[in-house]
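In: no sequence on this one, just coordinates:
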């Protein structure tokens with residue numbers, strides 16, 4: 001099964017929620033955890049911090 005995701009900007013909270021186009025659920029962390037290495041799951045959007053994602057630019061010299 002091919003899963004497609006879309007990025008949605010929530011200006012109110014200044015965060016990015018990653019939403020599955022097929023299920024309309026967002027990616028969040030299991031147990032509402034916010035530490036690195038936590039497992040993730042899909043669930044309905046609630047605005048929880050565990051559903052907010054930050055992206056960082058990285059530079060790679062090839």
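Out: Yep, that arrived. Every value quoted in this text rests on a predicted model; they were computed, and no experiment measured them.
In: can you give me the strands for the protein?
Out: 5-10, 15-20, 26-29, 40-43 (DSSP state E).
In: weakest of those strands in terms of mean pLDDT?
Out: Out of those, strand 5-10 stands lowest, with a mean of 56 (criterion: mean pLDDT).
In: Next, the distance between the ends of stretch 16-27.
Out: Stretch 16-27 stretches 10 Å from its first residue to its last (Cα to Cα, to the nearest Å).
In: for stretch 28-45, same thing?
Out: End-to-end for stretch 28-45, by Cα to Cα: 9 Å.
In: So what touches it?
Out: 17, 19-20, 23, 25-27, 46, 48-51 (Cβ atoms under 8 Å, 6 or more residues apart in numbering). For glycine as for every other residue, the C-beta is placed from the backbone atoms N, C-alpha and C.
In: Between all of the residues you listed, which two are separated the most?
Out: Based on Cβ to Cβ, the longest span within the contacts of stretch 28-45 runs between 23 and 49 and measures 21.3 Å.
In: count of neighbours near residue 45?
Out: 14 (other Cβ atoms under 10 Å).
In: With the one 10 residues further on instead?
Out: Applying other Cβ under 10 Å, we find 8 other residues in the vicinity of residue 55.
In: these two touch, right, it and residue 16?
Out: Yes: counting by Cβ atoms under 8 Å, residue 16 is a contact partner of residue 55 at 6.8 Å.
In: Identify the contacts common to the two.
Out: Joint contacts of residue 55 and residue 16 (Cβ under 8 Å, 6+ apart) do not exist.
In: List the buried residues in stretch 47-62.
Out: For stretch 47-62, the neighbour count (16 or more other Cβ atoms under 10 Å) marks 50-52 as buried.
In: Thank you, goodbye.
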